[in-house]
Structures are given as C-alpha cells and as structure tokens.
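> Pasted the sequence and its predicted model underneath.
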Amino acid sequence: MHNRSQVQIEHNYIAEPSRPRAHCLFLNSLLPLIFALSFLLAGCSFHETSRDFFAMDTVMHLSASGSHAEQGLDAAEDEINRLDRLFSISNADSDIARLNQSGSTTVSDETLQLLARSKEINSQTGCAFDITVYPVASLWGFYSGNFQVPDQKALSAALSSVGMDHVQVNHSSVTLDSGTQLDLGAIAKGYASNRAAKIIEESGVTSANLSLGGNVHVVGTKPDGSNWKVAITDPNNTDHYAGVLSVQDTAVVTSGGYERFFQADGKTYHHILDPKTGYPADSGLLSVTIVSQDDVLADALSTALFVMGEDRAVDFWRASTANFEMVLITRDGRIRYSEGLESAFSLAADYKAEVIHR
Ligand code: AMP
Ligand code: MG
C-alpha cells in the first residue's frame, strides 16, 4: 500500500538571531554587552524548532518559533497523542475501539462531541461523509493491509450496516446496531489539529506550522511576518505541486485518492469510499483541498466533497453558509478554486485554473 502526505509545506524560512556589528572603536567596548543582549534576545527571536513523530496513522511534522516553541510543541505533541489514544480504531482502550468491540459503551464528552459533528456533516453532505464506513473499509483490507476487491455479496452485506441511523446516542452512552462499526479517520485529525493549535497558542507561541499528514494548520504568520505557504500536490505527479496557498491562522486539508491506495488487476483502488456503493469514490475528482478556520469541518468536507464530485461540490459550496474555501483538481486535469482564494492561491508554472464564483 502507498501512504503519502499530500500537502507539503514550505519550510524555507531560515531564521538568524540578530548579530551585533561593530563599526567603530567605541562600539568595540560595548561588544560584551551587545553579545550578552543578543544571547538573551535569541530566545525571543525567530529561532525555529521542529519535530517529527508518528501518530493517527501518519507522519506528523510540527514546527514553531520563539522562546515558547519547545514547550508549545511538547504540549501539542502530547495532545495529539492523547487524542490518538481516544479515537484510534486499533488501540483497544480507545473510546472508538471499545465501542466497535462491545457495540455499546459510555464514551468521553469529546468523543460525543465529534460523533455529533460527524452526524451533522453526514446529513449536510447527503451521507457522502459517513463514519460508519468501517465494515466496508475493512472488507477492502484498508485496516489489515490484506487488500482485496470484495465480492458484491459481501459488499452488499457490509453496506447494510453503513448509515448514521445505526448509531444511537443516549446521554454519554453510545450503541451501535449489530455489524456497525465506526472509523473517525476522516475527521479526527481535524479535531487534533484544532486542539494542537489552541494549546500551542496558549503556550505563548504566535508562529507555528502543524502538519498532521494531509491536515495542515498554520498559527499566525511566518516569524518574519509574511504568510505561510502551503503547497497543493499535483495528484498526477505527486513530486510536483499544482499551486501554493498563502495563508495565516487557518487549516488547509487535502483529501486525495493518491494518498493511500492499492493496485489489483491493473486497477487502482483508493481509501476514500463512497458510502452508497461501497467502492472507492469514482467522482472525477483527484483531490479536494479545503481552507477553513474550522479544522474539523475542513477535514470532514475534504473527504465528503471528494466523494460528491465536482458539480455537487460546487453546488454545496455555493449553498453553504459555512465559512470555507476549496480547490478541486479533476481527473481531466482541471483546477478550480472558490473565489475567496483569489488572492491566496498562486498556480505553479504551466498549470491553469478557473475561479468558481458564487
Ligand atoms: P481523509 O484522508 O480525511 O479523506 O479520510 C479518509 C479516511 O476516512 C479513510 O482512510 C477511511 O478510514 C475513512 N473514510 C473513507 N471513506 C469515508 C467516507 N466517505 N466518509 C467518512 N470516512 C471515510
Ligand atoms: Mg478528511
């Protein structure tokens, strides 16, 4: 199986603490003092610190600047790991694994909150976003790694357990109909990036770049005050990018079939499933990028609009009162982006795009 992160971030800002320059003899006598001061200031300067770790089934890269960076990154990493333990389908003690295992259990307030949001987005997207796809994803081997194209009979049986009406919530207790299981893989990273960003800001960090696989959240601006640059991968040529978003204080989330897939009998089968057919969504879109200050919405919609396809995605954006913008890349090589990104999106050389108006 292939698993790659679809959004690359430019980390091209190399920060240099300010250095004293002595231009005359008088200044030479002040050099020790200036050196001492520059050492002190270095702690509050642009010095960038970063870390990579594996969580939520993906490689994460977090970077931050300033004197609180180390402490902020520690707290953000702890928070992401805590949420991984809460939502993971593979950690037997997680709320979701316990629920999938027993069919009925009490869960934390945060899990309840994410289930409620998932239900809401499921209904808004005409069930294109559906956290009950687990039995279908399992048949395809996306959890075990034993990939196979399921036979239609098995697929139909699994599909009968898919649908949010198979999930009942009563106070803090959640009950699943027999055969129904949950997978928060299309929304949990959005929740985690939102929490990580909040926590890092509370630590006093004003400039950070959090990349949770394909989920990016940028805090503030780059240390030099310019916007962060988030590149959108060309799905047909994943070593290249199709364009760059210039942004601050926002989430940028991409879903693409090229992120995770396997090949069988000369065909490619990716991990974003159409809950109606049980097959990998074949909507004519190769990737969907959502830009929103609401990380959870961005994550869920990148998946949902990928399933819905170009026309329904455009209709959804036009009709929606939610605050989000999008970039769609189609199988026939077109790039379309919503008008709110007109000043933020720049195409890479040789790429063409069309703006979607309200
Ligand atoms: P994302 O990368 O955010 O688009 O999420 C894709 C992941 O969410 C997959 O690896 C599955 O675990 C799960 N998934 C697949 N299809 C759907 C769907 N239609 N709705 C919700 N979750 C899905
Ligand atoms: Mg998603």
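Arrived safely. Ligands and ions are numbered 1, 2, ... in the order given.

> Next to ligand 1, which bits of this protein? Give me the list.
129-131, 133, 137, 183, 185-186, 255, 271-273, 275, 299, 302-303, 307 (C-beta under 6 Å from any ligand atom). Using the backbone N, CA and C atoms, a C-beta is placed for each residue, glycine as well.

> Okay, and which of these map to strands?
Secondary structure defined by DSSP state E assigns residue 255 of those to strands.

> What residues does the stretch 201-350 of the chain have near ligand 2?
Neighbours of ligand 2 within the stretch 201-350 of the chain, by C-beta under 5 Å from the ion: 299, 302, 303.

> can you pull out the strands in the stretch 201-350 of the chain?
Using DSSP state E, counting those that start in this stretch, the strands of the stretch 201-350 of the chain run over residues 208-212, 215-219, 228-234, 237-247, 250-256, 260-264, 267-270, 285-292, 325-330, 335-338, 345-347.

> who touches the second one?
Among residues not part of strand 215-219, those counted as contacts by C-beta atoms under 8 Å, 6 or more residues apart in numbering are 7, 9, 64, 189-190, 192-194, 196-197, 200-201, 205-210, 228, 230, 247-253, 295, 298-299.

> Kindly recompute the last result at 6 Å.
7, 189, 193, 197, 208-210, 228, 230, 247, 251-253, 295, 299 (C-beta atoms under 6 Å, 6 or more residues apart in numbering).

> now swap in the fifth one and tell me
Around strand 250-256, the neighbours that count as contacts under C-beta under 6 Å, 6+ apart are 6-7, 214-217, 230, 235, 245, 287-293, 295, 298-299, 302-303, 306.

> Please report the number of neighbouring residues for the residue of the stretch 51-200 of the chain found nearest ligand 2.
Ligand 2 sits closest to residue 186 of the stretch 51-200 of the chain, with a gap of 3.8 Å, by C-beta to the ion. Neighbourhood size, residue 186 [other C-beta atoms under 10 Å]: 26.

> That one: what's it in contact with?
residue 303.

> Got a quick ChimeraX command for the buried subset of the contacts of strand 250-256?
Restricted to buried positions by 16 or more other C-beta atoms under 10 Å, the ChimeraX selection for the contacts of strand 250-256 reads:
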select :6,7,214,215,216,217,230,235,245,287,288,289,290,291,292,295,298,299,302,303,306
